[in-house]
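Enquirer: Here's a sequence, model it:
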Amino acid sequence: MMQKWFRFLVFMTFYKSLFAQPIPEVKERFPSYFGLHIRPIFGSAYLTTGSQTVTQNGYTVSTKQYPGYSFGGTLRKGITNLIAFETGLNYTQRNIQISMSVADSNLSAKDSLRFVTFDIPLNALVYIKLTEKFFANAAMGFALCYKPSNVQTICYPGGLNIFTNVGRVKRLSSIELNANLGFEYRTMKSGFFYFGGSVRIPTSELYVLGSQHKYQGYTNTIETNISGAYMALDFRYFFPNIKNKGTQFNYGPIY
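Expert: You can find the predicted model right below:
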């Protein structure tokens, strides 16, 4: 009986000494931050997303990218005091306006396609310190883009006429180049506030637009590539890193 109690006391002594050791606190020299962002996006003639017109056999189709939006989460990992790496996950909706007309008639119509993509950016970011709390940021990199589905609309302008517009995805995934430039205001308690501008340029077409005019047994079809490049205003907020009160658990049972 005494042997059993002795073994139990020895076990409890070692158990307490093993798990009662203070866990050293890990301090990141270059901390990481998580934030949210929203971007109003705009097409631009400088990026080949202004008005584009194609005519074939008297059928004319004009396309123009009008304002859309993008939002998502951003993870920033510090590498040095002036260099960081950024990634995240974004949802982007591009809106394309389509104007259709048939020569030698009064037949015309307008329609639109909403095209959704998801992407993971991979950017290298450089800080330029302006004051104690204000920084200028410049980032460049690329994004892995996923295009989940084709899109289609059907328009009935009158009579037996039918306009059909299909946005067809040739590749489910693609790469887009991006660049950001902006300014950031930092506070330790309230987080980081960022405002800037972005440019996104796909390395291949966003999708192929097929526009068809059908009248009884007559059909006329036009195909054209839609770039999807855009310029954007960039609003971001990074949450502050707040240390919880009490013991900080930074390790697992084995460390």
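Enquirer: just the helices in the stretch 1-150 of the chain please.
Expert: 2-19 (DSSP state H, counting those that start in this stretch).
Enquirer: Low-confidence stretches in it?
Expert: 1-28, 48-50 (pLDDT under 70).
Enquirer: Tell me where it has strands.
Expert: Under the criterion DSSP state E, counting those that start in this stretch, the stretch 1-150 of the chain carries strands at the ranges 32-42, 52-56, 59-78, 83-102, 108-129, 134-146.
Enquirer: what does the shortest one rub up against?
Expert: Right, strand 52-56. 60, 61, 62, 63, 64, 220, 222, 224 (Cβ atoms under 8 Å, 6 or more residues apart in numbering). The way it works is simple: take the backbone N, C-alpha and C, and place the C-beta from them, glycine included.
Enquirer: Is the first one bridged to anything, and to what?
Expert: Under the criterion DSSP bridges, residue 60 forms beta bridges with residue 55, residue 101.
Enquirer: show me what contacts it?
Expert: Each residue near residue 60 by Cβ under 8 Å, 6+ apart is listed here: 53, 54, 100, 101, 102, 103.
Enquirer: List only those of the residues you listed flagged as buried.
Expert: In these, burial by neighbour count holds for 100, 101, 102, counting by 16 or more other Cβ atoms under 10 Å.
Enquirer: what residues are up against the last one?
Expert: When you say that, I think you mean residue 102. Residue 102 makes contact with 58, 59, 60, 108, 161, 213 under the criterion Cβ under 8 Å, 6+ apart.
Enquirer: hmm, which two among those are most spread apart?
Expert: 60 and 161 (14.3 Å; Cβ to Cβ).
Enquirer: what residues are up against residue 177?
Expert: Applying Cβ under 8 Å, 6+ apart to residue 177 gives the contacts 141, 142, 143, 200, 201, 202, 203.
Enquirer: ok, it to residue 171 distance?
Expert: Residue 177 is 16 Å from residue 171, where distance means Cβ to Cβ, to the nearest Å.
Enquirer: What distance do you get for residue 38 to residue 29?
Expert: 31 Å.
Enquirer: Kindly report the same for residue 156.
Expert: According to Cβ to Cβ, residue 156 stands 64 Å off from residue 29.
Enquirer: if you count what's nearby, which of these two comes out ahead?
Expert: residue 156 (10 against 7; other Cβ atoms under 10 Å).
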